[in-house]
Each structure stands twice: as structure tokens, then as C-alpha cells.
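**Student:** How does the following fold in three dimensions:
(one chain, ligands or ions: 1)
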Amino acid sequence: MESRRRTVEAAEARPGPRSRDRTVRHMYKRMFFHVKGHWALMLLALVCLVANSLLEFVIPQLTRHTIDRVIPDGDTGALAWIGAAILGTALLLGLFGYLSSVTMATVGQRAVYDLRNELYRHMQSLDMAFFDRNRTGDLMSRVTSDVNMLQQLVSSGMMQILTDAFTFFAIALYMLYVDWQLTLLMLATFPLMLYTTRKFSKRIRASFKTVQQSVAEVSNHLQDTLSGIRLIKSFASEDYELERFAERSETNMKANLRTVRLRAIYEPVIDLLNYVGMVAVLIFGAWQTIRGDLTVGAIVAFLAYLRLLQNPIRHFSRILNTIQQSAAAYERIVEVLETKPEVVEKADAVPLPPVNGHIVFRGVSFAYRPDVPVLRDFDLTIEPGKVTALVGPSGAGKSTVAHLIARFYDPQAGSIVIDGLDLKDVALKSLREQMGVVSQDIVLFNGTVRDNIRYGKPEATDDEIAAAARAANAHEFIASFPNGYDSEIGERGVKLSGGQKQRISIARAILKNPRLIVLDEATASLDTESEHLIQEALSRLLAGRTCLVIAHRLSTIRSADRIVVMDGGSIAEAGTHEELLARNGKYKKLHDLQFPQEEAGDSPAG
Ligand SMILES: Nc1ncnc2c1ncn2[C@@H]1O[C@H](COP(=O)(O)OP(=O)(O)OP(=O)(O)O)[C@@H](O)[C@H]1O
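**Tutor:** Predicted structure coming up:
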């Protein structure tokens, strides 16, 4: 019971909404961790950015010199030098600007590359329960668009903030030195700006989060409908899907507009506060100049510095967007990164030695969702080297038994023991490497026929691949393709029939040569020819191994060594085909439903 509670809690464990400031801090820390390896590039970018700030400082000084010295002295000779100095400074500004942009983009791209790989690696390490809970399109958008969002932060936002802070403090200090009263007057608007920024950043982040969620919804919809396009067309439900897609797009549009509106208010408010500062400086500065306390050049330079000082603030209002947008995306990334798999390998897990395949379920109870039990106090023994078939009505829990053997999930009570070792004590890889699953949902990846068969044994030679294909009755049709084993499968490749796909998946399992086979039998009825070829391929695959066959059609399992009839998550009866027929129980009923003509009792031999 205790372990069940733990699993349920873990299943629901998702990071709660963390405090916003904490997210931003956390995000910076983690992103810094990712860029740490590129410190030389970061340093170069930082040097360029600081050089830029210093150079920006020079131009107002040259203006001041021109107004206060060159013009009163009538020194026309100096004008050319001043012009050249300003142009030279501008050229250097351009050069450093270029260098800093390129280096920062490089660091940003690399950090994103690392983060994206980390996220994908973590997703691969998560268990099936995680993938049951999350939708594919949503996960895809986390790895693509959310990670991209962070790239912006690293390549522009992070450094910009550092240099802006540097520029701001350098100029503020200089201005305090030149005229502290004027500077303090101007800085008086800053608390107001900070207050406004805080207020807006909370709202902007919340609205960005809605935007990212709506992107995920669009992505989910696309994933579902494009992969199920055949179904949509066969139901002629294009208009319905279009309407649903338009709804999701509209949510996305509205969410975007909401953020735009927030920004559209925030930026002018900050600009207005900037102008208030400028007006104060202009009036008070002009008054000082009239009184002769300040030169005209000094007030012009002061106003130029004021603009420079306001630049970081204006930037900040833009960066704030990037930060809030990134923080919203980051929260979605961290939700995945902080999810702990429920099925974890013990630190001292032992590699499973080559198995015989003696599998025992002892008092196993299991539920995908806490309130819907699937297996109840379930006992089952699978004998090594034998074919055990599971039959029973849909939803009885047959596939669940197979999932538990592969340890896709852990039972909440009871234990599963393989050759005397508890599954939980065994290294996952060593277990799954010895298992072959041939399922009714055949998954073939984009790539060649050869790649797809070789998936079971990456180091296999071409001869081994061909031998496996022959054993799976697949060689002939593969050889008839113009490119043979090098034919591409998938969207732009050859189209395979259901039976052909199945034979390729059997070849893949034969090549892997596992000790344990789980066969989740196809429900789709094939033509007799295909059916025969597949049955032949399967009997070669099953020979000499421990096999669990999840059977939907009783015709294929008559010769099984043991047939287990499941109903409502437990075993109703078990025995051979003949024994079960003789018992006249559930199996007999299922049998009569499928073969009404044999009811008289003349069942064919298996
Ligand atoms: N990933 C899942 N998340 C939640 N519930 C699930 C999941 N997979 C299966 N179930 C539920 O568990 C129960 C048993 O499912 P299971 O697939 O093991 O049955 P089955 O006997 O193999 O059925 P079928 O013959 O239709 O394939 C069903 O009620 C099903 O709805």
C-alpha cells in the first residue's frame, strides 16, 4: 500500500508554480552553467561590449570639446581631427558591435544545443507513465520553440544586461562627478521606473506563459491531425478539424495580442518617465548655465550622456520581454527536467544474466491511474522455452502484463521475478536487451529497410540482415524493390502494406535474437496469403524462446503450451486449448463466439 501511495504521489509530482524571481534567478544560473564551457568566447564578447560602452563615452566628450574650446577659439584646424576622431570611433563601434553579436550568438547557440540535448536525454530517461500523461505535440514544442526562446536570452539578453549595467554605473558615476545635483534630480525618476517594471514584468510573464501554452496546443493539434490525416479524410471531417485548428490559432493570436498590448503600454510609460528626467535636467541645467555655473558644452554633453544613461533603461524594457518570455519557456522546460522517472534503476542493480525466461508474477496489483485498478492480486507463471498465450476480452489487462515484464511501469504491490531475480533489482538495459516485442502497432522509422531491420542489432552484417529477412519471409519483397534493402521507408520512400511492415518488424526481432518474445498480436485481418507468410515467420521467431503471446484471435494460439484466460485483471482459467474447451468455461465461450461453425465440437487440430 505504501509503495502504491508513493507511486501515485510521484505520478502527480509536478513542480508547483515557483516564485517568479526564483525562476529568473534559477534560469540565469542554469543557462550560465550551460555557457560556462565557452568562457573564452564569453570573455571576448564581454571585452567587445565594454569597449563599445567606453567608445560611446568618447563622442559626447568630442562634442563638448568642439563647443567649449574649438568654436570660441576659432580653431578651424582642429575640426578635421574631430571629424576623423568621431568617424574612427564610429568605425570601432561597428567592429566591436559585430564581434560581440557574433560571439554572443555562438555562445547562445551552443548553450541551446546543450540544453536541447539535455532535455531530450532526460525525456528519453523518463518512463512510460510520463509519456502517458503528456501529449506529444506539447513535448515537441518544449524541445523546439521553448528552447529557442532561451537562445534569445543567452545570445542577446544576458550580455546586454551586463554591459548595460556597466554603462549605466560608469556614466552615472561620471555624471555625479560632473554635476551631482543635476544627476540626482535625474535619478529621482528611477524608483518609479523600477516600480513600473516590476508591476509589468509579472503580467508580461503570465501572458507569455499563455502564449507558449497556446503554441503547444497548436502543436498538439498538428501532431494529432497530420499523423491521423487518413482518418480525417476517410471521415470527411476536414471542416471540423479546420474549425478546431482555427480555435486554437485564435487562442494563440489573442494571447499574443495581450502581450503586445502590455508591452505597448509599458514602453511608452518608461519613455515618459525618461522625458520627465530629461525635462528636469534641461530646466535645471539651463538655469545653471544661465547663472554661469555650467558651460554650454557641458550641458550638451550632459544631455548626450543622459540619452546614453537612458539607453540601458530603454534596452531593459525590451530585454524584460525576452527575460519574461524566456522565464515562461524555462518553466515549461524545467517541468520536464525536474520530473523524476517512477521506474528507476537501483544504484546496485545487477545486469541480468542470459535468461531462460522463467517469469513469475506474485500477488501483483497495478493501476495506471490510482482510482482504476487494472491487475488485482495477479499470479502468473511463464515457463521458459514455452509459448504462453494471454486471451480475454478487450481491456482485461493483457497488454499490461507485457508492459510490466518490460518494466515500463512498476506494480504498486507484489513482485515480478525473472529467473529468480526481482525485476526491480535488475539493470533495465540488460532486461530490455533480452526482450523482443512484436506489436500490433508497428513502428518503422524514416530510413532504409536495412536501417529498420538493423535497429535490433546495430552491428549486424548485411548477410545477417538478409538471413533475418529470409526467416521473416521478407527477403523476397524487399529484393523486388528497385533499391532493395536500401529502399527508403517513410514519407518519401516506398509504401509498405500492413503485412510487409509486420514481416519487417519480425525480421528486426529475429535479428535481435532475444531470449524473451512478447507478441502483441495484430487484430487487423490480413489476406490468407499474407497471414500464412506471417504465421510461418512468427513460428520461426518463437521457436526455442520463452514467448508471451497476447492473442486477439484464438486461431493463432491453439498450439500454445498454455493459454491463460484473463478477465477484469485476474486469471479466469488456464490450460491447453483442449483442456479449456473441455472445461466449458470462459474460453469455450470466447471460442464459440469466434468460431460459431465449430460449436458442434469438430475443432481443427492446432
Ligand atoms: N497508458 C494507460 N493509461 C491509463 N490506462 C490505461 C493505459 N493503458 C491501458 N489502460 C487501461 O488499462 C486497462 C487494461 O488495458 P490493456 O491494454 O492491458 O488491456 P488488453 O487486455 O490488452 O486490451 P486489448 O485486448 O483491447 O488490447 C484498460 O481499461 C485500459 O483502458
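**Student:** what's the helix or strand for residue 100?
**Tutor:** Taking DSSP states H and E as the criterion, residue 100 maps to helix 76-125.
**Student:** tell me the average confidence for that helix?
**Tutor:** Per-residue pLDDT over helix 76-125 has a mean of 89.
**Student:** Would you pull up the residue in the stretch 151-300 of the chain closest to the ligand?
**Tutor:** residue 224 (16.7 Å; CB to the nearest ligand atom). Using the backbone N, CA and C atoms, a C-beta is placed for each residue, glycine as well.
**Student:** swap in the stretch 51-200 of the chain?
**Tutor:** residue 132 (4.1 Å).
**Student:** Secondary structure class of that residue, three-state.
**Tutor:** helix (DSSP: H, G, I helix; E, B strand; the rest coil).
**Student:** So it is in contact with residue 368, correct?
**Tutor:** Yes: with contacts counted by CB atoms under 8 Å, residue 132 reaches residue 368, the gap being 6.7 Å.
**Student:** quick one: low-confidence ranges for the chain?
**Tutor:** Across the chain, the ranges flagged by pLDDT under 70 are 1-21, 156-159, 317, 491-494, 522-529, 597-606.
**Student:** Could you list the domains of it?
**Tutor:** 2-337, 444-513 (automatic domain parsing).
**Student:** hey, which of these is tucked in deepest?
**Tutor:** domain 444-513 (a mean of 18; mean count of other CB atoms under 10 Å).
**Student:** Span of it from start to end?
**Tutor:** Using CA to CA, to the nearest Å, the end-to-end distance of domain 444-513 comes to 18 Å.
**Student:** The residue in the stretch 401-550 of the chain that the ligand sits nearest to and residue 400, how far apart?
**Tutor:** Per CB to the nearest ligand atom, the residue of the stretch 401-550 of the chain with the smallest distance to the ligand is residue 550, at 6.1 Å. According to CB to CB, to the nearest Å, residue 550 stands 10 Å off from residue 400.
**Student:** The two: which is more packed in?
**Tutor:** residue 400 (24 against 21; other CB atoms under 10 Å).
**Student:** Could you double-check that that one sits in contact with residue 374?
**Tutor:** Yes: applying CB under 8 Å, one finds residue 400 in contact with residue 374, separated by 5.2 Å.
**Student:** any shared contact partners between these two?
**Tutor:** 366, 368 (CB atoms under 8 Å, 6 or more residues apart in numbering).
**Student:** Now do the strands in the stretch 501-606 of the chain.
**Tutor:** All strands of the stretch 501-606 of the chain, identified by DSSP state E, counting those that start in this stretch, fall at 516-520, 546-550, 562-567, 570-575.
**Student:** could I get these as CSV with distance to residue 594?
**Tutor:** Shown next, in CSV, are the strands of the stretch 501-606 of the chain (distance: least, CB to CB, whole Å):
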stretch, distance to residue 594
strand 516-520, 18
strand 546-550, 16
strand 562-567, 13
strand 570-575, 16
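**Student:** count of neighbours near residue 570?
**Tutor:** Neighbours of residue 570 (other CB under 10 Å): 15.
**Student:** beta partners for it?
**Tutor:** residue 567 (DSSP bridges).
**Student:** how far away is it from residue 586?
**Tutor:** 12 Å.
**Student:** Also residue 206?
**Tutor:** From residue 206 to residue 586 the distance is 56 Å (CB to CB).
**Student:** Please list the residues of the stretch 301-450 of the chain that sit near the ligand.
**Tutor:** 368, 369, 374, 392, 394, 395, 396, 397, 398, 399, 400 (CB under 6 Å from any ligand atom).
**Student:** next one: the chain
**Tutor:** 132, 368, 369, 374, 392, 394, 395, 396, 397, 398, 399, 400.
**Student:** I'd like to check the angle between the host helix or strand of the fourth one and strand 546-550, please.
**Tutor:** For residue 374, the enclosing helix or strand under DSSP H and E is strand 372-382. The directions of strand 372-382 and strand 546-550 differ by 140 degrees, with axes from the mean of the first three to the mean of the last three CA atoms, to 10 degrees as the criterion.
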